[in-house]
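S.K.: When you get a sec, could you give me coordinates for this:
(2 chains)
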Amino acid sequence: MTRAWQIYYNAAFGAFGALSAWMALGLINTRSWNVHLSNLFVGAGIGLLIGGSLGGVEGLMVRRSLLRALLGAAGGALVGMVSGMVGLWLGGLIFLLIQGGLIARVFGWLLFGSFLGAGLGVVGWNAKRSLYGVIGGAAGGLIGGLFYEIFTHLFLKWSEQAQMVLGAAGLSLIGVTLGMMIPLSVSFISALRAERGLVVYLNGPRRGTEVEVVERILIGSSDACEVYVPDRRVEKRQAEISLGEQGFNVQNVGSVQPFWVDQQLIVPGRQIPLHNGATLQMGEAALRFQSYE
Amino acid sequence: MDELGVKRVEFLIRKVAGLVSVRPARLRRGGVAARRKPLNPGVLCACLALLVSVMYAAISPVWALGIGQGAARAQTPTPEGWTVTIGQFDASKYPEITLYLNVADSSGRQITNLKQEDFFVSEDGQSVAITSFAGLSENRPVDIVFVFDTTASMSEEIAGVVRTSLAFADELERKGRDYRLGLVTFSDVVLQVNRPDHSLTDRASEFKEWASKLVADGGDGEPENDYAAIRRALEMNFRPQAQIVLILITDAPVHRFGDPPDGGVTFDDPNLDLKPTLDGLKAKGASVYAIAPALTEFTNLASETGGRFYDIRQNPDFTSLINEIGQTLANQYRITYRSPRPTYDGTRRNVQVLVGGAQARKMYAEQHLLNVQSNCLVGLLCLLPLMFALVAPVTVRIAWRLIQPAQAAPVFSGENAAQPDAVASDVADAGFKSLEQSPAPEEDQVSCSNCGQAARRGARFCSRCGARL
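M.R.: As a prediction, the model looks like this:
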């Protein structure tokens, strides 16, 4: 699956989670509750469903591992619930402090999106991914908040009906942008770097799937690896591609199995420089490494 | 278009989509690449800030009218000289809004004979129907708690309260206000709460008795613990329909959270601050009339709650201040209306009150950052295209595979790998001649039914064409 399709599916799943949250939460009348309690509840609900939805998409669509998808969805839902709850509560607090208006709305949504994004990044136990999540979430919140505020005022005369659609559209937008921006921000941040790489599956069911290499990635038969190669002849953690001073290197981090890089045998512990277009052969899987400068 | 041309177009599309580097990939020779200058994050941030500013400037006229002017225009003199003042403003029961108003003539004398028909109220330019009105002849319950600093320097003020308490209560009664009175005294700690069961008295004589027993003592070191006293005052048993008023009387600054211990009293409660105190007051719909030094805390307590601030050091005639507060409270009109736009959209609303040519404005904001209100039909209409968007690509891909006949893949060679513009698809079907030459573990081999490539027994996919074995 190419990066474009990954972004597409992330966006679609994000929107799906957000719309589900809107439908489920809209059935409960939280509007008459205390505003802080309402924000905590609604934030938790939105975070749960967007987090669950986005947490599962990578396992389902990229790694194609049902277990990883379920684990991702559960982790995403749990962390999303907490981060959404805190995010919307804090955003609501800022909104009350500034006493509404465009700045308050945009800032409130931005905070909500950032927390949600940070939470989803935390699921991967990766500080970098959390940073990407914050950037993606902040952008999603910013766009969602602007959209919500502008359209609320444009359709002020039909406020009752407009609120119905705007809630759905605004949340979908935050879901789409959050889903889209997490993989996009990886590309964006790596574009800021002088060097970056890409690993492409050349065969098997994941053929064509692209995984971006920003600093280091792991390749192995454990579905926790960024490049997941489910093959009995590949170790759980087989190889690590990392960016060194002279460019990218690949190292066999396994304990028994060797693999090949352009017909060159790489035994456990050995590290070699990796050039653009190098082909890695592990078990049945063939991977191509591309580097950009 | 030849093969190279197709690759270039494909690369161009990917470049435009921003999914690959902004420059074509260049093969790194000898493992070392010529570095390109990275994008400047500062420029990107500046562009983003510019975009937000332009959007803000573009859309602000949509709702800019009147916003932020409400508080400033709370008092507007008219040619006739009448002045209408919005005192307490209670939006805590939104969409039901309650206002307390005073109307005075040019000499400052309160106008007390107005009726509901004399008032015109509008919200965002839309006239509203007044659902409840209480003029001076109607019963308007008010619960008043005196929050009194009784340190040594306050002896004159204590005597003043004792002197004026009966007149204060009489004025309220005379104007038909159904009052209850309470008293909380403090220094560095809350000293006394009358009554201990937190109820208020409806007898002015009982209140006077409490006041006359007060002794100005202690408080050798400023400041005092006003916030704790206000919190205790808010715990009184107020009547559900009553207007809640706190009259804060002090001549010292206020202790806040984090202050060093004073007389053995520590200030480690985070609620001892302006923000939580204001939150507590607003939650109860209480207003504060502060007779205190001219410090930000006291002016904010009064202005934020629709009360009034009096500088204790600039007004030596303390009793006249108490009388003025009594008159203001006694002559307040209460208007309740339902918002003409009762949605929970988090927008700012401008309220305008017109009476006898005089007008007053007030701005308030609905409190919801996000309004979630669903509808099955709208949900279904949104979910259907989304489900289609999720399922369609997979369906199309499967259908395409069924229609397209399998094609033989080009054989991988060292030259292919060296092509800088060779993208993934180029070698997607690459076979590995090297596999046969490499020291892979020996296994029985089978061949792919699609392309004939040799594969190990147990392999699930062909390493050349990717077909399932």
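S.K.: Pull up the gap between residue A:219 and residue A:113, please.
M.R.: Between residue A:219 and residue A:113 the distance is 32 Å, computed by CB to CB, to the nearest Å. Heads up, the C-betas are built off the backbone N, CA and C, glycines and all.
S.K.: Could you do residue A:211 as well?
M.R.: Going from residue A:211 to residue A:113 by CB to CB gives 25 Å.
S.K.: who has more neighbours, those two?
M.R.: residue A:113 (31 against 24; other CB atoms under 10 Å in any protein chain shown).
S.K.: Pull up the gap between the residue lying closest to that one once chain neighbours are set aside and residue A:174, please.
M.R.: Spatial nearest neighbour of residue A:113, excluding adjacent residues (CB to CB, 6 or more residues apart in numbering or on different chains): residue A:141 at 2.5 Å. As defined by CB to CB, residue A:141 lies at a distance of 6 Å from residue A:174.
S.K.: So these two - more neighbours on which side?
M.R.: Each of residue A:141 and residue A:174 had its neighbours counted (other CB under 10 Å), and the higher figure belongs to residue A:174 (32 against 28).
S.K.: Just the mean pLDDT for the strand or helix carrying residue B:349, thanks.
M.R.: In this assignment (DSSP states H and E), residue B:349 forms part of strand B:348-355. Rounded to a whole number, the mean pLDDT of strand B:348-355 is 93.
S.K.: Please enumerate the helices of the stretch 201-350 of chain B.
M.R.: Assigned helices in the stretch 201-350 of chain B, in chain order: B:204-212, B:226-234, B:274-284, B:296-304, B:318-330 (criterion: DSSP state H, counting those that start in this stretch).
S.K.: what does the stretch 101-250 of chain A give?
M.R.: A:102-123, A:127-154, A:159-192.
S.K.: Now do the same contact list for the residue of chain B found nearest chain A.
M.R.: Using CB to the nearest CB, the single residue of chain B nearest to chain A is residue B:374, 2.3 Å away. The contact partners of residue B:374, by CB atoms under 8 Å, 6 or more residues apart in numbering or on different chains, come to A:22, A:23, A:24, A:25, A:26, A:27, A:164, A:167, A:168.
S.K.: what's around the third one, how many residues?
M.R.: I take that to be residue A:24. When neighbours are defined as other CB under 10 Å, residue A:24 has 16 of them.
S.K.: Pull the contacting residues for it.
M.R.: The neighbours of residue A:24, taking CB under 8 Å, 6+ apart as the test, are A:45, A:49, B:374.
S.K.: Secondary structure and distance to residue A:60 added to the residues you listed, as a markdown table?
M.R.: Output for the contacts of residue A:24, formatted as a markdown table (DSSP: H, G, I helix; E, B strand; the rest coil; distance: CB to CB, whole Å):
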| residue | secondary structure | distance to residue A:60 |
| --- | --- | --- |
| A:45 | helix | 22 |
| A:49 | helix | 16 |
| B:374 | coil | 26 |
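S.K.: how far away is residue B:341 from residue A:159?
M.R.: Distance from residue B:341 to residue A:159, counting by CB to CB: 5 Å.
S.K.: Read off the pLDDT value for the residue in the stretch 51-200 of chain A positioned nearest to chain B.
M.R.: Nearest residue of the stretch 51-200 of chain A to chain B, counting by CB to the nearest CB: residue A:100, 3.2 Å away. Predicted confidence (pLDDT) at residue A:100: the value is 87.
S.K.: That one contacts residue B:363, correct?
M.R.: No. Under the criterion of CB atoms under 8 Å, residue A:100 makes no contact with residue B:363, lying 9.2 Å away.
S.K.: which residues do these two both contact?
M.R.: With contacts defined as CB under 8 Å, 6+ apart, the residues shared by residue A:100 and residue B:363 are residue B:348.
S.K.: Those two: who's more crowded?
M.R.: Under the criterion of other CB under 10 Å, the comparison of residue A:100 against residue B:363 puts residue A:100 first, with 24 against 21.
S.K.: Contacts only, for the residue nearest to that one when sequence neighbours are not counted.
M.R.: The shortest distance from residue A:100 to any residue other than its chain neighbours is 3.2 Å, reached at residue B:365 (CB to CB, 6+ apart). With CB under 8 Å, 6+ apart as the criterion, the residues that contact residue B:365 are A:96, A:99, A:100, A:101, A:104, B:346, B:347, B:348, B:349.
S.K.: Among the residues you listed, the buried ones, what's the ChimeraX command?
M.R.: Filtering these down to the buried ones (16 or more other CB atoms under 10 Å in any protein chain shown) takes a single ChimeraX command:
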select /A:96,100,101,104 /B:346,347,348,349
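S.K.: Please enumerate the strands of the stretch 301-450 of chain B.
M.R.: If DSSP state E, counting those that start in this stretch is used as the criterion, the strands of the stretch 301-450 of chain B fall at B:308-311, B:333-338, B:348-355, B:358-365, B:445-447.
S.K.: Contacts only, for the residue nearest to residue A:113.
M.R.: Contacts for residue A:141 were tallied using CB under 8 Å, 6+ apart; they are A:91, A:106, A:109, A:110, A:111, A:112, A:113, A:114, A:116, A:174.
S.K.: show me what contacts residue A:44?
M.R.: A:81, A:82, A:84, A:85.
S.K.: Next secondary structure after the helix or strand hosting it?
M.R.: In the assignment (DSSP H and E), residue A:44 maps to helix A:35-57. Of the helices and strands lying after helix A:35-57 in sequence (DSSP H and E), the nearest is helix A:66-98.
S.K.: So which elements touch that following helix?
M.R.: Packing partners of helix A:66-98 (3 or more CB pairs under 8 Å, 6 or more residues apart in numbering or on different chains; DSSP states H and E): helix A:35-57, helix A:102-123.
S.K.: Pull the helix or strand hosting residue B:192 out as PDB, backbone CA atoms only.
M.R.: Assignment of secondary structure by DSSP H and E places residue B:192 within strand B:190-194. Coordinates of each C-alpha in strand B:190-194 appear next as PDB, following Å, rounded to 0.1, in the frame of the first residue of the first chain:
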ATOM      1  CA  VAL B 190     -12.900  32.500  59.000                       C
ATOM      2  CA  LEU B 191     -13.900  33.600  62.500                       C
ATOM      3  CA  GLN B 192     -17.700  33.300  62.800                       C
ATOM      4  CA  VAL B 193     -20.700  32.300  60.700                       C
ATOM      5  CA  ASN B 194     -24.100  33.500  61.700                       C
END
